[in-house]
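**Q** Could you look at this predicted model? Sequence included:
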Amino acid sequence: MKKTLLTLMAMAAMSATALAAEIKPALVYGTGGKFDKSFNEAAYGGAEKFKEETGVEYRDFEPTSDTQGEQAIRNFASRGYNPVVAVSFAWTSAMEKVAAEFPDTKFVIVDAVVDLPNVRSVVYKEEEGSYLVGLLAGMASETGKVGFVGGMDIPLIRKFGCGYVQGVKAANPDAEVFQNMVGTTGAAWNDPVRAGELTKNQIDQGADVIYAAAGASGLGVLQTAADNDKLGIGVDSNQNHLHPGDVLTSMVKRVDLAVYNAFKDTQGDAFTAGVQSLGVEQDGVTYAVDENNKELITPEMQAAAEKAKADIIAGTVKVHDYMSDNSCPN
Amino acid sequence: MTTASVPLPNWISYGLIPLLNLLLAFFFSGLVVWWIGESPFEALKFLIQGSLGRGDAIGFTLFYTTSFIFTGLSVAVAFHAGLFNIGSEGQAYVGGLGAALAALALDHYVPWYVTMPFAIAGAAIFGAAWAFIPAWLQAKRGSHIVITTIMFNFIGAALMVYLLVNVFIVPGKMAPETRTFLEGGQLPKLDWLMALFGLKLGPAPFNVSFLIALVMCYLVWLLIWRTKFGYEMRTLGISPSAAIYAGVPYARTVIIAMLISGGLAGMMALNAVNGAAARLQVEFVAGAGFVGIAVSLMGRSHPVGIILAALLFGILYQGGADLSFEMPTITRDMIVVIQGLVILFAGALEYMLRPAVVRIYQQFAKG
């Protein structure tokens, strides 16, 4: 009986895919690698969700250098993969070249803008999400000192840091924010040990909530914070479950949605090019509350965060975007 | 008499033994591939096809090769003077600054062949400058060059990120990189060279810096084996105390050797910055400086050997990327394992097979 059911289900799934447009989606990760428990893994999650729902297989690739990224995007396009989704601003110039070579293929780039008729650019208002977790950090901190550990000192990470500082100051104008970067090379995204040391240093200076925006290095931040009975804040994916009770919240950036929607829209012939800027209003960025951290988020904190969310959407609170003038007010 | 000192004909030392080492490396790589459940022959086919099978594949392979020739020469020159320069990575990175400045300053006004000498000079001077302080510290203060050069890699990376994020970035852009050079600042592709062999280069970034690399190979050969300074360098490399006793000026030789080494590393930027990307990007060196160490070791620090070793690594880089693209079960980490095995067998275990080869050779020579 079970077997027949399974067969029936498989047949149903097969016919469902046959009905929808035949697509061959492809995904190119950032150089951090697929399983970073953060940015790239969120993208992977979106692709997996699509595969689960539709049964359509996809291909993915983890480049190790800029040259390889461009090759991978071109290889997918030239073999008829459509859409080709590339996550990370590192593929901006690659996307500019390849998308122009294959005008009939749909491309999606995450975290950067490529102005071509067949490219959808998905960018996030990281400053808004970071503002929310900053607000929570400012309220949760008992010492009035909080930390930020970024991966590399690049504009994207400054954008995170800038929003975070504004949120902290909104909760507690006298709060002190320590900011450190893990490194100056690509290895900075994959160095949890050094990230942990920086966290330790910030804790020694009095910080009791530390926000990580450092790819896989962030795992070291959360680990060190948990080991010292302080609070960490995760990034990109919901990382609350990594150390239940010791991760205050996570700044969730819905990269999974960008990938999922790209696949889904192409399948349903509803693909649109152009820039999608996803902020709090579109649920593109938010703070995560689940069973792992609900003890940590008091009702007042939740209320404050929800109010901030509503204010951002209403426009009464404007979170300064570092990218708008390459500077941060604080 | 130990087998190590038995003289062997050149074709055995420089032809047969490296070939056997390479076969051994491929054999063990094949075992690894087989162990994860893929066909080693299929994998080898993808590796070769992906690196040599099409015009654009060859173009990519030679593009990587060009970078590795520069960094390989860089390591080799220092090595002849007994210096282990593992700072080629940082020297190439800073060299990119010199190459990019020349292109940014001139690309509006002059064609590429006018910019090229300035870009070469800029890359070489900035690369050399980055090698100068470690060289001076080694020569005058005895600070070990291995330590200082590797530290300078990080200082170089910090400097470049700072400059790219705060000075050179195009406002409003996410990626920390300079503006794109106009044609006057780029090095043109060598599609005509490929066309001579009836191949189409396609999108591969194979460019004029390959020819510059070959010229540098010849110049390095001249320097090391045909000049007085090269002789002094080699003497210093084989026995510092004998060299100093014979009147070789230690500090001067060390510093000049390192400046040449740094300059060659810096010129790697011509390929990646002026040739391929047409802009200065973060992390454009992407490990080529470290690959240069393996290339130099495998190439026995001789320009011809370096060209061959650089080609081998070009094949492994390009073919490896293609292999992991075609066979998703072979991840990028597996490619690193295969590259590691080649370095292990062909570079580090250079003398492993030698005693056996010597014994067989002696039997034949007797008979």
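**A** Received it, and whenever you're ready, just let me know what you need. Numbering: from 1, shown residues only, chains lettered A, B, ... in the order given.

**Q** mind pulling up the phi and psi values for the residue of the stretch 251-367 of chain B found nearest chain A?
**A** Chain A sits closest to B:Ala286 of the stretch 251-367 of chain B, with a gap of 4.2 Å, by C-beta to the nearest C-beta. Yep, even glycine has a C-beta here, placed from its N, CA and C like the rest. Phi and psi for B:Ala286, reported as degrees, to the nearest 10, are phi 50, psi 40.

**Q** okay, now it: neighbour count?
**A** Neighbours of B:Ala286 under the rule other C-beta atoms under 10 Å in any protein chain shown: 23.

**Q** Surely it and A:Ala90 touch.
**A** No: counting by C-beta atoms under 8 Å, B:Ala286 sits too far from A:Ala90 to count as a contact (11.5 Å).

**Q** show me the contacts for A:Met301.
**A** A:136, A:139-140 (C-beta atoms under 8 Å, 6 or more residues apart in numbering or on different chains).

**Q** which parts of the stretch 101-250 of chain B sit against chain A?
**A** Neighbours of chain A within the stretch 101-250 of chain B, by C-beta under 8 Å from any C-beta of the partner chain: B:154, B:157-158, B:160-162, B:165, B:169, B:171-177, B:180, B:203, B:205.

**Q** Please, a ChimeraX command that selects the buried ones among those residues?
**A** The buried residues among those can be selected in ChimeraX (16 or more other C-beta atoms under 10 Å in any protein chain shown) with this line:
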select /B:157,160,161,165,169,174,175,176,177,205
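
**Q** Just to be careful, could you list which of the residues of the stretch 101-250 of chain B next to chain A are in helices?
**A** B:154, B:157-158, B:160-162 (DSSP state H).

**Q** Stretch B:199-219: how far from the chain's middle?
**A** 13 Å (C-alpha atoms, centre = their mean, to the nearest Å).

**Q** same question but for stretch B:276-284, I mixed them up
**A** The answer for stretch B:276-284 is 17 Å, by C-alpha atoms, centre = their mean.

**Q** State the phi and psi torsions of the residue of the stretch 201-330 of chain A found nearest chain B.
**A** Residue nearest to chain B within the stretch 201-330 of chain A: A:Asn326 (6.2 Å; C-beta to the nearest C-beta). A:Asn326 adopts backbone torsions of phi 50, psi 40, taken as degrees, to the nearest 10.

**Q** In contact with it, which residues?
**A** A:155, B:169, B:171.

**Q** Contact distance from chain B - what residues of the stretch 151-300 of chain A qualify?
**A** A:152-156, A:183-186.

**Q** Adding pLDDT, secondary structure and neighbour count, write those residues out as JSON lines.
**A** Formatted as JSON lines, those follow (pLDDT from 0 to 100; DSSP: H, G, I helix; E, B strand; the rest coil; neighbours: other C-beta atoms under 10 Å in any protein chain shown):
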{"residue": "A:Met152", "pLDDT": "90", "secondary structure": "strand", "neighbour count": "24"}
{"residue": "A:Asp153", "pLDDT": "89", "secondary structure": "coil", "neighbour count": "21"}
{"residue": "A:Ile154", "pLDDT": "89", "secondary structure": "coil", "neighbour count": "20"}
{"residue": "A:Pro155", "pLDDT": "90", "secondary structure": "helix", "neighbour count": "19"}
{"residue": "A:Leu156", "pLDDT": "91", "secondary structure": "helix", "neighbour count": "22"}
{"residue": "A:Gly183", "pLDDT": "88", "secondary structure": "strand", "neighbour count": "23"}
{"residue": "A:Thr184", "pLDDT": "85", "secondary structure": "coil", "neighbour count": "21"}
{"residue": "A:Thr185", "pLDDT": "81", "secondary structure": "coil", "neighbour count": "21"}
{"residue": "A:Gly186", "pLDDT": "79", "secondary structure": "helix", "neighbour count": "22"}
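
**Q** what ranges do the helices span in the stretch 101-250 of chain A?
**A** Along the stretch 101-250 of chain A, counting by DSSP state H, counting those that start in this stretch, helices occupy A:126-140, A:155-171, A:192-204, A:218-227.

**Q** Tell me which other helices or strands the third one touches.
**A** Using 3 or more C-beta pairs under 8 Å, 6 or more residues apart in numbering or on different chains; DSSP states H and E as the contact definition, the elements that helix A:192-204 packs against are strand A:145-152, strand A:176-183, strand A:209-213, helix A:218-227.

**Q** Kindly report the same for the longest one.
**A** Using 3+ C-beta pairs under 8 Å, 6+ apart as the contact definition, the elements that helix A:155-171 packs against are helix A:126-140, strand A:145-152, strand A:176-183, strand A:209-213, helix A:299-314, helix A:322-325.

**Q** Run the contact check for the first one versus chain B.
**A** No: with C-beta under 8 Å from any C-beta as the threshold, helix A:126-140 lies outside contact range of chain B, at a closest distance of 11.0 Å.

**Q** coming back round to it: now, among the contacts of A:Met301, which is nearest to chain B?
**A** Distances from chain B to these, taken by C-beta to the nearest C-beta, are shortest for A:Leu136, at 26.4 Å.

**Q** before we move on, back to that, which of the helices of the stretch 101-250 of chain A sits closest to B:Pro117?
**A** helix A:155-171 (34.1 Å; C-beta to C-beta).

**Q** quick one on the thing from earlier: which one of the contacts of A:Met301 has the most neighbours?
**A** A:Leu136 (31 neighbours).

**Q** you'd agree it is up against A:Tyr287?
**A** Yes: shown here, A:Leu136 and A:Tyr287 form a contact pair, counting by C-beta under 8 Å, at 6.3 Å.

**Q** Show me the common contact partners of these two, please.
**A** Taking C-beta under 8 Å, 6+ apart as the criterion, A:Leu136 and A:Tyr287 both touch A:249, A:305.

**Q** coming back round to it: give me whichever of the helices and strands packed on helix A:192-204 is most buried.
**A** Ranked by mean neighbour count under mean count of other C-beta atoms under 10 Å in any protein chain shown, those are led by strand A:209-213, which reaches a mean of 32.

**Q** For it, output the C-alpha coordinates as CSV.
**A** C-alpha atoms of strand A:209-213 as CSV (Å, rounded to 0.1, in the frame of the first residue of the first chain):
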residue,chain,number,x,y,z
VAL,A,209,26.1,41.6,23.3
ILE,A,210,28.1,41.1,20.1
TYR,A,211,26.8,41.2,16.5
ALA,A,212,28.6,39.2,13.9
ALA,A,213,28.5,40.1,10.2
